[in-house]
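Enquirer: Sequence and predicted structure are below.
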Amino acid sequence: MTRPTPGDVLKTGKTAMLSFGTWFNTSMTQRDMKPGADYGFFVIPNVNTALPKTSMIFESGPLCSLAKAPDPEASTKYLKWWVGSAAQEKWATARGDVSANPKVAVADEAIAKVGKDASGGEYRLVNRYFEATPPPVLTAALDGFGAFVVKPDTYEKVLADIQAAADEYWSTHKPGE
């Protein structure tokens, strides 16, 4: 049995809202939905309305090149080309998303507004869980979450395993390292 994707249930109207990042725009445009007409974007309000700023989760997309690549010079040349305006403009426009190059204009007006708002000081920017969590803790958590989905009654063991990984990591690291 094929399960409907998030984009499908939004397009059919079986759901009214989905919580996704700007990268999800591609899923919508591939379904012939028009940004601004068929769907839009908004920042999810804080649960705690007493907070001084609305939190906005963001993620980074690291760009990496192997230090021991067979041809490090070629790798560096490609990476420089990839983050250049010409390549990033084509890539971001094709995806309907933001670019890794801040000099590249965002074609989608709603996404451009979210980006402008995010950098305007009105929001409290919070690292996404994947970037904010130390790798050993993240690995334990992802393994645990997968186990929990399959066997929900294991939640106590999952939580204990994640806590053990966190305790071990933080016993030898200071916050911010």
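Expert: Thanks, I have it. Residues are numbered from 1 along each chain as shown.
Enquirer: Just the pLDDT at the residue nearest in space to the middle of the chain, thanks.
Expert: By CA atoms, centre = their mean, the mean C-alpha position of the chain lies nearest to Glu59, the distance being 4.5 Å. You'll see Glu59 listed with a pLDDT of 81.
Enquirer: Arg128 now?
Expert: 87.
Enquirer: Quick check: the residue nearest to the centre of the chain touching Glu131?
Expert: Yes: between Glu59 and Glu131 there is a contact at 6.0 Å, judged by CB atoms under 8 Å. The way it works is simple: take the backbone N, C-alpha and C, and place the C-beta from them, glycine included.
Enquirer: which one is the residue nearest to the centre of the chain nearest to, not counting chain neighbours?
Expert: Arg128 (4.0 Å; CB to CB, 6 or more residues apart in numbering).
Enquirer: what about that neighbour, distance to Lys53?
Expert: 17 Å (CB to CB, to the nearest Å).
Enquirer: what do you get for Arg3?
Expert: 37 Å.
Enquirer: if we can go back for a sec, which ones are touching the residue nearest to the centre of the chain?
Expert: By CB atoms under 8 Å, 6 or more residues apart in numbering, Glu59 lies in contact with Gly21, Asn127, Arg128, Phe130, Glu131.
Enquirer: Cross the residues you listed against helices and list the overlap.
Expert: Counting by DSSP state H, these place Phe130, Glu131 in helices.
Enquirer: Now render the contacts of Glu59 as a markdown table, adding neighbour count and distance to Lys103.
Expert: Listed next are the contacts of Glu59 as a markdown table, based on neighbours: other CB atoms under 10 Å; distance: CB to CB, whole Å:
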| residue | neighbour count | distance to Lys103 |
| --- | --- | --- |
| Gly21 | 15 | 21 |
| Asn127 | 12 | 24 |
| Arg128 | 12 | 24 |
| Phe130 | 12 | 26 |
| Glu131 | 14 | 23 |
